[in-house]
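>>> what follows is a predicted structure for the sequence shown.
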Amino acid sequence: MDRQRRGVADPSTPGPINRGLNYFFGGDDGETASISQMVTLDTALHAKIDASQATYAAGGWFGGFDAQNDSATLTLEFLSATDTSLGSATVGGVTNTDRNNLTSFLERTVSGAVPANTRKIRATLESTHSEGDSVDGYADNLTLTVQ
């Protein structure tokens, strides 16, 4: 079975120019697939964060397969040193309508103020299944910057 028919994007799929180095695909089984990474913020940022002067920017290219409405989202959860949730932000969620029912990626971004007392950010990418044989929520070139 070729990759495109299975629902996996390939180098000809519309999306970022430098695609594929960090490409995520939900997989062949299940209703959702997720992966998380914990980012510990540099102590040099703590004073700026606590003075409500730090900002974040996150984004990437999000997509899916054909007319199927599978999608991917990146959620950032801002955490204190004791893992208390201080807020969250989500980006992605590109629908089949957004993609004109084509297999493709669209760039999405989110930015804002880092909540005071944030010491860590949990970044979770989740692909959600809607129809078909695979969890075809795609993501590529994900970024997170705190300054």
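Noted; the coordinates are in hand.
>>> what segments of the protein are helices?
3-6, 46-50 (DSSP state H).
>>> other SSEs contacting whichever strand in the chain runs longest?
If you go by DSSP state E, the chain has its longest strand at strand 135-146. Other elements packing on strand 135-146 under the criterion 3 or more C-beta pairs under 8 Å, 6 or more residues apart in numbering; DSSP states H and E are strand 24-27, strand 32-40, strand 55-64, strand 71-79, strand 120-128. Heads up, the C-betas are built off the backbone N, CA and C, glycines and all.
>>> tell me which of the ones you listed sits nearest to N101.
With C-beta to C-beta as the criterion, N101 lies closest to strand 55-64 of those, at 9.8 Å.
>>> quick one: strands adjacent to that closest one?
When sheet partners are counted by DSSP bridges, strand 55-64 sits next to strand 104-113 (antiparallel), strand 135-146 (antiparallel).
>>> now the shortest one: average pLDDT?
The reference is to strand 104-113. Strand 104-113 comes out with an average pLDDT of 97.
>>> so which helix or strand of the protein has the lowest pLDDT on average?
helix 3-6 (a mean of 45; mean pLDDT, DSSP states H and E).
>>> that older thread, chain center to the longest strand of the chain, what's the gap?
The gap between where strand 135-146 is centred and where its chain is centred comes out at 4 Å by C-alpha atoms, centre = their mean, to the nearest Å.
>>> list the buried ones in it?
135-142, 144, 146 (16 or more other C-beta atoms under 10 Å).
>>> nearest to S34, of the strands paired with strand 55-64?
Nearest to S34, of these and by C-beta to C-beta, is strand 135-146 at 10.0 Å.
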